[in-house]
Structure formats: C-alpha cells, structure tokens
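Asker: model this:
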Amino acid sequence: MPNKYHHVGRVRPPKERRLAALGVEALRPDEVSVRVRVRLRKPLAALFDTLPPKRRGEAVEAGLRALGLLEEVQDGKEASR
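Answerer: Numbers count the residues shown, from 1 in each chain. Reported below is the predicted structural model:
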C-alpha cells in the first residue's frame, strides 16, 4: 500500500528549479554549508552579513590563504592555532 507521499515524485519540480525559485544554487560535490561563530568589529560583521554565501566562502578562503593556513590544510597538516 503506497504511503500518502507516493505521488510527490511525479508532481515535485526538479531540485535545480526549486533552488532557483528560492534564489540559491545547489552545492557542488566538494562543498559543504556550515555555521560558524566569529568575532568581528560591528562594521565588518555588517559587511560580511550582506555578502551572499558564495562570496563569504571566498572571503574566508582568501583570509586563510593570506594567513598561510590554507596551504597547511591542503598539505594534510592541521593548523596549530
């Protein structure tokens, strides 16, 4: 006996279309979405909050690269800070 959701696969739009309607794009296989807490000055926090998620990730990656921590992670070593 089918459950009450058995018809959903026939009427539900594809994932890409649902995400586009929400104004977001699907994560690539090598991406994850995480929640982190950071301490920033208020103006920086306000600016960071206005960035779309993809740009926030780019900003974090650029910061880690500037601190020399990104290379340590890519080499298989953990950052010791």
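Asker: dump the residue contacts of the residue nearest the centre of the chain.
Answerer: Nearest to the geometric centre of the chain sits residue 33, at 3.5 Å (CA atoms, centre = their mean). Taking CB atoms under 8 Å, 6 or more residues apart in numbering, we find residue 33 in contact with 27, 53. (C-beta placed from N, C-alpha, C; glycine too.)
Asker: mind listing what residue 31 touches?
Answerer: residue 57.
Asker: Tell me the secondary structure of it, please.
Answerer: With DSSP: H, G, I helix; E, B strand; the rest coil as the basis, the three-state label of residue 31 is coil.
Asker: Against residue 46, how distant is it?
Answerer: Noted for residue 31: a distance of 25 Å to residue 46, by CB to CB, to the nearest Å.
Asker: count of residues packed around residue 58?
Answerer: The criterion is other CB atoms under 10 Å. On that basis, residue 58 has 12 neighbouring residues.
Asker: measure it to residue 70 for me?
Answerer: In terms of CB to CB, residue 58 sits 12 Å off from residue 70.
Asker: and residue 44, what element?
Answerer: helix 42-50 (DSSP states H and E).
Asker: With residue 58 instead?
Answerer: helix 53-66.
Asker: Taking helix 42-50 as reference, get the angle to that helix.
Answerer: Put simply, helix 53-66 runs at 130 degrees to helix 42-50, going by axes from the mean of the first three to the mean of the last three CA atoms, to 10 degrees.
Asker: how deep is residue 68 tucked in, by neighbour count?
Answerer: 9.
Asker: Make 17 the starting number, not 1.
Answerer: Will do, 17 is the new start, and the previous item becomes residue 84.
Asker: What distance do you get for it to residue 72?
Answerer: From residue 84 to residue 72 the distance is 21 Å (CB to CB).
Asker: returning to what we had before: restricting to C-alpha, output the helix holding residue 60 in CSV.
Answerer: Provided in CSV are the C-alpha atoms of helix 58-66 (Å, rounded to 0.1, in the frame of the first residue of the first chain):
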residue,chain,number,x,y,z
LYS,A,58,30.4,45.6,14.0
PRO,A,59,31.1,47.3,10.6
LEU,A,60,32.9,44.2,9.4
ALA,A,61,30.1,41.9,10.6
ALA,A,62,27.5,44.1,8.9
LEU,A,63,29.5,43.9,5.6
PHE,A,64,30.1,40.1,5.9
ASP,A,65,26.4,39.6,6.6
THR,A,66,25.5,41.4,3.3
